[in-house]
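Trainee: no sequence on this one, just coordinates:
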């Protein structure tokens, strides 16, 4: 088990608000992980896409109802001069360090909760002539009751490989994705177990999404050490295809994704291979081999 | 509590109401084939709870419990 001292020695700069800065060997390892994940994405000839830090709240109505406890909103002060003056004339911060807000502008943006959401939002109303494979990375924001360095964070890097296609194309992608991850982790000696999982819905007892995840194998997590999910494969059926009007083969597209939580890979790799960077595996070479057809 | 025969009949009625033009059989994997969708699950669970006369602990649900009318009867049916 990694200690905070070990991780700090490798370049972790932990902020107790649940955010990790990376420097030195850990930063290099994070870059190596992401390069490896992009190499894995080459298997599907993914196009790389980059998106902003926020999504319109209007595009995330379902997410806001399902995960209100995890959401972080982008807020700003109302730009009226008098309001800004009231802010600057006030304490700005209270004794606990909280911002002494005056009137805020309407909140219309959500800090990215999952990297793949942008991919669906960007394709609103599109008809896909063929299965589409995309990889994207974003900093994601999820509020949690407590945080732990590299294991559970408010902000973290998520690399995703996304398939938009027919049901058959997406199901086939997920099976292939799992096999590729298995080959990759075998090559880098990082033992993982695939386990069915559910997302942390708000009031899950009667939430349709939670209930479906309990009875259908739509989400599987790749866990290290019995509990740390390094990644997941997710079948959304036509949820996003219907919500965003994305069509494939005359019907709402079925979407699926393979998601990696980059910081958790750092934790697992150091835990497995030790604190000496010279002992860390060649991730890019292994990814190339795992992704080869 | 209803008999299994009555519960099965009510389930068939529920599924037919949501299935549109799809011809439904008792062994059809309804959620896998998207005959039923997640939005139908809360109503379906409430229906089953009423028919069997006992609550269903959703945290005890297992993969396959709702894979078809036969599967639902095996998981939640009560008596012949």
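Mentor: Perfect, I can see it now. Quick caveat, the model's predicted, so the values are computed rather than measured.
Trainee: C-alpha only now, for contacts and for neighbours.
Mentor: OK.
Trainee: Quick check: which element contains whatever residue of the stretch 1-150 of chain A ends up closest to chain B?
Mentor: Closest approach of the stretch 1-150 of chain A to chain B (Cα to the nearest Cα) occurs at residue A:62, with a separation of 12.3 Å. Take DSSP states H and E as the rule and residue A:62 turns out to sit in helix A:61-66.
Trainee: which helices and strands does the next helix or strand after that helix pack with?
Mentor: Counting by DSSP H and E, the next helix or strand C-terminal to helix A:61-66 is strand A:73-74. With contacts defined as 3 or more Cα pairs under 8 Å, 6 or more residues apart in numbering or on different chains; DSSP states H and E, strand A:73-74 has these neighbours: strand A:109-111.
Trainee: any idea how far the residue of the stretch 1-150 of chain A closest to chain B lies from residue A:71?
Mentor: 12 Å (Cα to Cα, to the nearest Å).
Trainee: These two - which one has more neighbours?
Mentor: More neighbours sit around residue A:71 than around the other of residue A:62 and residue A:71, counting by other Cα atoms under 10 Å in any protein chain shown; the figures are 19 against 12.
Trainee: where's the more buried one relative to residue A:141, distance?
Mentor: From residue A:71 to residue A:141 the distance is 7 Å (Cα to Cα).
Trainee: same check, this time on residue A:105
Mentor: On the measure of Cα to Cα, residue A:105 and residue A:141 end up 21 Å apart.
Trainee: So those two - more neighbours on which side?
Mentor: Neighbour comparison, residue A:105 and residue A:141: the larger count goes to residue A:141, with 26 against 12 (by other Cα under 10 Å).
Trainee: Now the phi/psi pair for that one, please.
Mentor: Residue A:141 adopts backbone torsions of phi -130, psi 120, taken as degrees, to the nearest 10.
Trainee: per-residue confidence at it?
Mentor: With respect to pLDDT, residue A:141 scores 98.
Trainee: So residue A:234 lies in a helix, does it not?
Mentor: No - assignment of residue A:234 by DSSP: H, G, I helix; E, B strand; the rest coil gives strand, placing it outside any helix.
Trainee: And the nearest residue to residue A:2 once chain neighbours are set aside, how close does it get to chain B?
Mentor: Taking Cα to Cα, 6 or more residues apart in numbering or on different chains, and ignoring the residues beside it in sequence, residue A:2 has residue A:271 as its nearest neighbour in space, at 5.7 Å. Separation of residue A:271 from chain B (Cα to the nearest Cα, to the nearest Å) stands at 32 Å.
Trainee: wait, residue A:271 sits on residue A:4?
Mentor: No - proximity of residue A:271 to residue A:4 does not meet the contact threshold set by Cα atoms under 8 Å, at 11.8 Å.
Trainee: more crowded one of these two?
Mentor: Neighbour totals were compared for residue A:271 and residue A:4, and residue A:271 leads with 18 against 15 (other Cα under 10 Å).
Trainee: Give me the neighbour count for the residue in chain B positioned nearest to chain A.
Mentor: Shortest chain B-to-chain A distance, computed as Cα to the nearest Cα: residue-wise this is residue B:63, at 4.1 Å. Counted with other Cα under 10 Å, the burial measure for residue B:63 works out to 14 neighbours.
Trainee: How about residue A:200?
Mentor: When neighbours are defined as other Cα under 10 Å, residue A:200 has 12 of them.
Trainee: quick one: the helices in chain B?
Mentor: Taking DSSP state H to define them, one finds helices in chain B at B:4-19, B:41-52, B:69-76.
Trainee: For the chain, give me the ranges with low pLDDT.
Mentor: Went with chain A since none was named. Low-confidence segments of chain A, defined by pLDDT under 70: none present.
Trainee: actually chain B
Mentor: Applying pLDDT under 70 to chain B picks out residues B:78-80.
Trainee: For it, what lies in contact range of chain A?
Mentor: Within chain B, the positions lying close to chain A (Cα under 8 Å from any Cα of the partner chain) are B:31-32, B:38-42, B:58-59, B:61-66.
Trainee: How much space separates residue A:180 from residue A:162?
Mentor: As defined by Cα to Cα, residue A:180 lies at a distance of 14 Å from residue A:162.
Trainee: Have a look at the two and say which one is more surrounded.
Mentor: residue A:162 (30 against 20).
Trainee: What's opposite the closest residue in space to that one that isn't next to it in sequence in the beta bridge?
Mentor: If you skip the residues right next to it in sequence, residue A:162 has residue A:257 as its closest partner in space, 4.3 Å away by Cα to Cα, 6+ apart. In this structure, residue A:257 has the following beta-bridge partners (DSSP bridges): residue A:162, residue A:234.
Trainee: Residue A:257 contacts residue A:172, correct?
Mentor: No - counting by Cα under 8 Å, residue A:257 sits too far from residue A:172 to count as a contact (11.5 Å).
Trainee: These two: which is more packed in?
Mentor: The neighbour count for residue A:257 versus residue A:172, taken as other Cα under 10 Å, is higher for residue A:257 (24 against 13).
Trainee: Count the neighbours of residue A:238 for me.
Mentor: The number of residues packed around residue A:238, counting by other Cα under 10 Å, is 23.
Trainee: actually residue A:203, not the one I typed
Mentor: What residue A:203 shows, counting by other Cα under 10 Å, is a neighbour count of 10.
Trainee: and it, what is it in contact with?
Mentor: Residue A:203 is in contact with no residue at all, counting by Cα atoms under 8 Å, 6 or more residues apart in numbering or on different chains.
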